[in-house]
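Colleague: I need the structure of the sequence given here:
(2 chains)
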There are 2 protein chains.
Amino acid sequence: MDGLLLQGFFRSSAAWRVRIALNLKGIGYAQVARHLRRGEQRAPDFMAKNPQGLVPALEVPGQGVLTQSLAIIEWLEETQPGAPLLPADPWARARVRSLAQIIACDIHPIQNLRVLAYLKRELGQEGPTVDAFARHWITGGLAALEQRLATEAETGLFCHGDAPGLADLCLVPQLGNARRFGTELSPYPTILRIEAACLALPAFQQSAPDRQPDAE
Amino acid sequence: MDGLLLQGFFRSSAAWRVRIALNLKGIGYAQVARHLRRGEQRAPDFMAKNPQGLVPALEVPGQGVLTQSLAIIEWLEETQPGAPLLPADPWARARVRSLAQIIACDIHPIQNLRVLAYLKRELGQEGPTVDAFARHWITGGLAALEQRLATEAETGLFCHGDAPGLADLCLVPQLGNARRFGTELSPYPTILRIEAACLALPAFQQSAPDRQPDAE
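Modeller: As a prediction, the model looks like this:
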């Protein structure tokens, strides 16, 4: 597949997930940065592509624009060759999706930049209180994730077996956010072991925020 | 499939989604209620099934426990006969998933009971401020959803074409939440038209909170 254009932001963890997925599948893509702190995701030309005004959006030549990171990744999985991001067995697929959704539904949206900005601007909360709010949801989610990964037999070198997939590509960006908010990560040894395995792979290394063209 | 047991709560919109999916597919199930305001989702016997301490969880005889509503529904779609909840074409599937995820990732988690309880208890916010916080994320998400549904050619009687599916079963519970927080819904005529089409169907009627055994 040629000509993919990813509208993203180097530090957006949802865009980061899509970068990892594309890299794991070995699919080339160009990037356009929408600087979230400058509000570039609300520019009219971008709102016309995604009325949510959120990154990522993936432009597919001749077809249109895909939005929502997990929907984009499931589409890549269903249409593109390369490394599978989900196992073949339905029960295993449900496990991987549920691990990914702990992050994508129950951690990341609550500690997202726009929510923290609301707490500051609309509710008048100070920086340390806002960071503690973010850490609360991060640690609650990571604790559940650690317990599952540490006790479920399907966990391998990665979240599911010995190849990286959908849960891993959600986990690594979430840990980036966790560190930004000063989260203590030592209670999550299985998660840290899996992160290290991911970060040994070029697909993850090349997706890192500080390797993107718009990195600050 | 016999013997399914849904651990839920009548008012949980994530459990409500799963009830609709099961009903649309014509699959029978028993329910156990975990009263969220009484903290029953944190009872040790439930935490052993889902370390997140969140509903829904679906117990499948002989296989185990599934968690995360969207992962449960994708599993039902992949393994159970009955009405399809996703279209067959990958591009169309991505559209439906992205509509569902506007709700499941970018509205519902932020206005969820546990987040609002944190604003009250930890940040000392008053009821009207907390309700306004909930409405802020609901109206932002619904506005994007309305724009897409009103302008995209794939919208039919339902969110995608003329049969109900994954996006619709996320939409109806979210509108239930919207009304609880006093959200003005008249700016969303397409959404309200689709909701009315859903509520004309027995599968949606029988899934409503006030029809559940634990309804108050």
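Colleague: For the rest of this, base every contact and every neighbour count on C-alpha atoms.
Modeller: Fine.
Colleague: just how off-centre is the lowest-mean-pLDDT helix or strand in chain A within its chain?
Modeller: The weakest-scoring helix or strand in chain A, judged by mean pLDDT, DSSP states H and E, is helix A:44-47 (a mean of 92). Distance of helix A:44-47 from the chain centroid (C-alpha atoms, centre = their mean, to the nearest Å) equals 23 Å.
Colleague: next structured bit after that helix?
Modeller: Next along the chain after helix A:44-47, taking DSSP states H and E as the criterion, comes strand A:57-60.
Colleague: Counting by contacts, list what that following strand packs against.
Modeller: Secondary-structure packing of strand A:57-60 (3 or more C-alpha pairs under 8 Å, 6 or more residues apart in numbering or on different chains; DSSP states H and E): strand A:5-8, strand A:64-67.
Colleague: switch to 10 Å and redo it
Modeller: Packing partners of strand A:57-60 (3 or more C-alpha pairs under 10 Å, 6 or more residues apart in numbering or on different chains; DSSP states H and E): strand A:5-8, helix A:13-25, strand A:30-33, strand A:64-67, helix A:69-79.
Colleague: out of these, which comes closest to chain B?
Modeller: helix A:69-79 (5.2 Å; C-alpha to the nearest C-alpha).
Colleague: Quick check: buried residues in the closest one?
Modeller: Using 16 or more other C-alpha atoms under 10 Å in any protein chain shown as the burial criterion, the residues of helix A:69-79 that qualify are A:69-78.
Colleague: so which of the residues you listed are also by chain B?
Modeller: A:69-78 (C-alpha under 10 Å from any C-alpha of the partner chain).
Colleague: hmm, back to that, mind putting the buried residues of helix A:69-79 into a markdown table with pLDDT?
Modeller: Listed next are the buried residues of helix A:69-79 as a markdown table, based on pLDDT from 0 to 100:
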| residue | pLDDT |
| --- | --- |
| A:Ser69 | 98 |
| A:Leu70 | 98 |
| A:Ala71 | 98 |
| A:Ile72 | 98 |
| A:Ile73 | 98 |
| A:Glu74 | 98 |
| A:Trp75 | 98 |
| A:Leu76 | 98 |
| A:Glu77 | 98 |
| A:Glu78 | 98 |
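Colleague: Max pairwise distance over those: which two?
Modeller: Between any two of these, the greatest separation by C-alpha to C-alpha is 14.3 Å, found for A:Ser69 and A:Glu78.
Colleague: Next, the contact list for the residue sitting furthest away from the middle of chain A, please.
Modeller: Farthest-out residue of chain A from its mean C-alpha position, per C-alpha atoms, centre = their mean: A:Gly124, at 28.4 Å. Counting by C-alpha atoms under 10 Å, 6 or more residues apart in numbering or on different chains, A:Gly124 touches A:117-118, A:130.
Colleague: Domain-wise, how is chain A divided?
Modeller: Domain assignment for chain A by automatic domain parsing gives A:5-83, A:90-203.
Colleague: what's the closest of those to A:Arg211?
Modeller: domain A:5-83 (8.2 Å).
Colleague: What is the end-to-end distance of the closest one?
Modeller: Domain A:5-83 has an end-to-end distance of 20 Å (C-alpha to C-alpha, to the nearest Å).
Colleague: which helices and strands does the longest helix along chain A pack with?
Modeller: Identified as the longest helix of chain A according to DSSP state H is helix A:127-151. On a contact count with 3+ C-alpha pairs under 10 Å, 6+ apart, helix A:127-151 meets helix A:90-106, helix A:113-121, helix A:166-180, helix A:189-199, helix B:113-121.
Colleague: Now do the same for it: mean pLDDT, whole number.
Modeller: If you average the pLDDT over helix A:127-151, you get 98.
Colleague: Surely the residue farthest from the centre of chain A is in a helix?
Modeller: No - per DSSP: H, G, I helix; E, B strand; the rest coil, A:Gly124 lies outside any helix segment and is coil.
Colleague: how much space between it and B:Leu113?
Modeller: 21 Å.
Colleague: cool, A:Val115 as well?
Modeller: 16 Å.
Colleague: Ok, A:Ile27 next?
Modeller: For A:Ile27, the distance to B:Leu113 - C-alpha to C-alpha - is 40 Å.
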